[in-house]
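**Q** Test case, fold it:
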Amino acid sequence: MSAYARSRNLKAWREGVGANVRRLRRTANMSQAVLAERAGLSPAYVSMMERGLANPRLETLAALALALNTSPVDILTEAQPEPSRAET
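**A** You can find the predicted model right below:
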């Protein structure tokens, strides 16, 4: 795999993690500032992470999971789309 392909994969991973953090935070009716405070992070870092611009460390993912009352696996796992009403 080329360096370019690896960087594209990493970018997609960061964006997926950020989208999961945003989804979990919104589900918890929590602002970025509240999540940042509970996880010991800056609001700017939470914002950057949700936009896929930050590469969070394992310790950061664990702190976010604790603050969101979830598992790090939920942050790392690709979210499955909700079934549409026609499918249920």
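**Q** Next, the buried residues of the biggest helix by length in the chain.
**A** In the chain, assigned by DSSP state H, the helix with the most residues is helix 3-27. When neighbours are counted by 16 or more other CB atoms under 10 Å, the buried residues of helix 3-27 are found to be Arg14, Gly16, Val17, Gly18, Asn20, Val21, Arg22, Leu24, Arg25. From N, CA and C alone the C-beta is placed, and that goes for glycine too.
**Q** And the pLDDT for Val34?
**A** What the model reports for Val34 is a pLDDT of 98.
**Q** ok and the host helix or strand of it relative to helix 3-27, angle-wise?
**A** Using DSSP states H and E, Val34 maps to helix 32-39. Taking axes from the mean of the first three to the mean of the last three CA atoms, to 10 degrees, helix 32-39 and helix 3-27 form an angle of 100 degrees between their directions.
**Q** hmm, who's touching helix 32-39?
**A** Surrounding helix 32-39, the residues in contact under the criterion CB atoms under 8 Å, 6 or more residues apart in numbering are 21, 25, 30, 41-43, 45-47, 50, 60, 63-64, 66-68.
**Q** Kindly provide the distance from the closest residue to Pro72 other than its chain neighbours to Arg8.
**A** Of all residues not flanking Pro72 in the chain, Ala65 sits nearest, at 4.5 Å (CB to CB, 6 or more residues apart in numbering). According to CB to CB, to the nearest Å, Ala65 and Arg8 sit 26 Å apart.
**Q** Pro43 now?
**A** Noted for Pro43: a distance of 28 Å to Arg8, by CB to CB.
**Q** same question, Arg23
**A** Arg23 sits 23 Å away from Arg8, going by CB to CB.
**Q** Point out where this structure drops to low pLDDT.
**A** For the chain, the stretches with pLDDT under 70 are 1, 3-7, 79-88.
**Q** tell me which residues in the helix or strand hosting the residue nearest to Pro72 are buried?
**A** Assigned by DSSP H and E, Ala65 belongs to helix 58-67. For helix 58-67, the neighbour count (16+ other CB under 10 Å) marks Thr60, Leu61, Ala63, Leu64, Ala65, Ala67 as buried.
**Q** And stretch 27-43, by the same measure?
**A** Within stretch 27-43, the residues that qualify as buried are Met30, Gln32, Leu35, Ala36, Arg38, Ala39, Leu41, counting by 16+ other CB under 10 Å.
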